[in-house]
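1. only geometry, no sequence info:
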C-alpha cells in the first residue's frame, strides 16, 4: 500500500506511537516513508508535535504538518477559535499525493477519532481517506470498553465504503487482565478485520535506537513486521 490512513478509536490511544512503529518497520524493510499530519492541535508554535515525535522515534521519515492550532480541541473548533483556516480533505489529498509520488509509503495520521470534524462543512478524516482511496488502520485501546469503540469505528468505515486495513493495539500493558487478554480474540471480530499488532505500553519512552530495533516485533507482516497474533496470545497465558 502506498498510502495508509491511521485513526484512533479516541484520543490518547497510542496513535502517534503506532504511526512511528509502522514507519520504523517500513524503513527497516528498505522502504521510503513520509508522514502527513493534517492538523496538529494543542501545541505551541515552537513545541514539537506528532510529526517530530514520529521522526524522533522512527528515523529518516519525511514529515509534513499542514496546520497547527494552539488549543487542544477538535481541528474544526481549534481552527475557528484561532481565527485560522481549517484543513479540508482536498488539501490532505493534494499533500499526500505529492508525497506518494516519491515515497513507498505515506502515513496520514488523523486527530482523535475517525469522525472528528476537520472543517466547518463537517468534513472528517473519513472524507480524506475516500478521496485518497486509501485503507484505514485503527489504533485501539487494549482493555475493557475497546470492543465497542472499535466496532463503531469499523462500522463507520464500512458504511462509507472505506477499507479497514486492520487493528493495532496502541498500548499493551505489562500485566494484562482477563478482559485485555480476551480482546486479542475478540477485537478482530468486533472490527471484522485482522489484528495486526500490539505496541507495548511505554514504547514511546524507549531510546529511539531500541524503538527502531523492536518495532518489527510489534507489528504483523502486513505492516512489515514479524508479530504473530496466535504466538502472542499464547505468551499472554
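-> That came through, no problem. Please read these numbers as outputs of a predicted model, since none were measured by experiment. Numbers count the residues shown, from 1 in each chain.

2. Could you report the separation of residue 17 from residue 123?
-> 26 Å (C-beta to C-beta, to the nearest Å). C-betas here are computed from N, CA, C, even on glycine.

3. The two: which is more packed in?
-> More crowded of residue 17 and residue 123, by other C-beta atoms under 10 Å: residue 17, with 29 against 20.

4. Quick check: the gap between the more buried one and residue 133.
-> Using C-beta to C-beta, residue 17 is found at 27 Å from residue 133.

5. buried sites along stretch 27-42?
-> 27, 28, 33, 34, 35, 36, 37, 38, 39, 40, 41 (16 or more other C-beta atoms under 10 Å).

6. Is it possible to get TSV of those residues that adds pLDDT?
-> Shown next, in TSV, are those (pLDDT from 0 to 100):
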residue	pLDDT
27	98
28	97
33	98
34	98
35	98
36	98
37	98
38	97
39	96
40	96
41	95
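
7. wouldn't residue 75 be in contact with residue 69 here?
-> Yes. The pair formed by residue 75 and residue 69 meets the contact definition of C-beta atoms under 8 Å, at 6.7 Å.

8. Overlap in contacts, those two.
-> 39, 41 (C-beta atoms under 8 Å, 6 or more residues apart in numbering).

9. Show the contacting residues for residue 218.
-> The contact partners of residue 218, taken as C-beta under 8 Å, 6+ apart, are 21, 197, 198, 199, 200, 203, 225, 227.
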